[in-house]
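*Asks:* Predicted coordinates and the sequence they were generated for:
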Amino acid sequence: MNRATCSVLLLLFFIFLIYPTYTPAATLDITQINFTSVPQTIDIDAVSARLTTQTQNAEGTSEQLDTSGMILELSSSSATGVFYNANASSCTTLLTEPFRLTMSNGSANKNFCYKDSTAGTHTLTITAEGKSWTAAVQNIIINPPPDTTAPTITLTGANPQTIEVHGSYSELGATVTDNVDTSLSATIDISTLNMDVPGNYSVKYNATDTAGNQATEVIRTVQIVDTTKPVITLTGSSTINLTVGDTYTEQGATASDNYNTGLTVTIGGDSVDTTATGTYTVTYDAVDSSGNTADQITRIVIYGPVPASSAAGSVVSGGAILPPPPPPQNSAPIVALPTISENSTNPNPAEANLAQTTQEQTILTPHVALADENVSSAKNQPAISKKEKPAIPLQTNIENQILPEALAAETISALPNDTSSNTVSIVVGTISAGILLAVWKLKFMN
């Protein structure tokens, strides 16, 4: 060994002897680890681009390691995140937990990649094992998977929806559900709906989510219907009274409807025979274009007999014709009596020539009177003597005499014993539909 070599070895010996704990200055200056790559946003389950951390001094300047084997510990706030080792150009090996990377001597940067199956914003933290350096912290955003699911529309209320023609439309609505969006609403198209014409109409419902996915169109059928029956109104009276031989003139009827106009009324029922007495029912019907049938209306046509011809001795009063009554059986003959003139209020009973018999004398005199006739003031009324207190026989063959309806419901009335009123009435027979058998009116004179 020459002198020069010995001098170098001696120098090195003295250096290590004097500075046994010497540490390179670069390692002593590192105080922190920082990300030098920008924050990233990636899709779910996609591997990020390279992420880079760097060892730095307090001023944020890069400081290289002068020792080998520095361990970096990698962690994520997401339990589903994983890390990859990476070189200068790409991601390489998937790391297993715990996620650790080794920095080599003389380097200041370390590359890695990240992947996560959970959408959201996650925090990545990088620390140096055994060092109190400030850790590197950076967020990474994981996008949710692409939304390719269309919303679903559900109708509220009845389908089909039924409304009476000319009614008001009330929207029943619909709900929209989506896998991502929570406040979607449907657009509703009622442009084809016509409330004034019966038929089936389509109301359309559509919806689109924020990803542009369009729901399948849903249609509600709206049925505009006419279920209201027409109403028939008779022209003229519902009951017509005629005499045999009179002409029956059909007065007809009208039909009104909530939808149709100009409906035809169909006339049916009995055929009216003007030559015979009887009661005939004429019917009226109508149907609208929706098939609604009106309640049937009827008219009653009554044909009565022709009144008896006026004969000698008959009395006509108040529209009725009554022949004289037949002679009563087992009674005194009818005596012709004087009449009361306007100025003769107390005729002489002797002038009556009343028959004097041992049996009770019956004196008859016919007279037709209305219910409100005042006999005491009537002219030319027969008079009989009160002193014999004659009885009035009820036998008569008078039938089917037409009298005013004002006399309806009269019943047989007998002669009262008290004749102080000087006026008595007898009705023989009963009245039915305006037909009276006979009416008698008597006045006693003092």
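*Replies:* Right, received. Where do you want to start?

*Asks:* Thr152 - how many residues pack around it?
*Replies:* Residues lying near Thr152 (other C-beta atoms under 10 Å) number 15. For every residue, glycine as well, the C-beta is placed using N, CA and C.

*Asks:* per-residue pLDDT, the nearest residue to it once chain neighbours are set aside?
*Replies:* Using C-beta to C-beta, 6 or more residues apart in numbering and skipping residues adjacent in sequence, the residue nearest Thr152 is Thr177, 5.0 Å away. On pLDDT, Thr177 comes in at 97.

*Asks:* Buried residues, stretch 90-101. List them.
*Replies:* Cys91, Leu95, Phe99, Leu101 (16 or more other C-beta atoms under 10 Å).

*Asks:* could you give the mean pLDDT of stretch 288-302?
*Replies:* Across stretch 288-302, the per-residue pLDDT values average to 97.

*Asks:* whoops, I mixed them up, stretch 52-67
*Replies:* The average pLDDT within stretch 52-67 is 91.

*Asks:* So which bits of that stretch are buried?
*Replies:* Thr52, Thr53, Gln54, Thr55, Gln56, Glu63, Gln64, Leu65.

*Asks:* Please identify the helix or strand for the second one.
*Replies:* Right, Thr53. Assigned by DSSP states H and E, Thr53 belongs to strand 51-56.

*Asks:* hang on, Thr123 packs against Val137?
*Replies:* Yes - using C-beta atoms under 8 Å, Thr123 is in contact with Val137, at 6.4 Å.

*Asks:* what bits of the stretch 251-400 of the chain have low per-residue confidence?
*Replies:* Where the stretch 251-400 of the chain drops to pLDDT under 70, the residues are 309-400.

*Asks:* go again using 50 as the cut-off
*Replies:* The stretch 251-400 of the chain contains residues with pLDDT under 50 at 310-322, 328-400.

*Asks:* For the strand holding Thr53, which helices and strands make contact with it?
*Replies:* strand 32-35, strand 109-115, strand 120-128, strand 136-143 (3 or more C-beta pairs under 8 Å, 6 or more residues apart in numbering; DSSP states H and E).

*Asks:* Can I get whatever helix or strand comes next after that strand in PDB? Just the C-alpha atoms.
*Replies:* As assigned by DSSP H and E, the chain's next helix or strand after strand 51-56 is strand 70-76. Taking C-alpha atoms only, strand 70-76 is exported to PDB below (Å, rounded to 0.1, in the frame of the first residue of the first chain):
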ATOM      1  CA  MET A  70     -39.500   4.600   3.400                       C
ATOM      2  CA  ILE A  71     -43.000   3.200   3.800                       C
ATOM      3  CA  LEU A  72     -46.100   5.200   2.700                       C
ATOM      4  CA  GLU A  73     -49.500   4.100   4.100                       C
ATOM      5  CA  LEU A  74     -52.600   4.700   1.900                       C
ATOM      6  CA  SER A  75     -56.200   4.900   3.200                       C
ATOM      7  CA  SER A  76     -59.600   6.000   2.000                       C
END
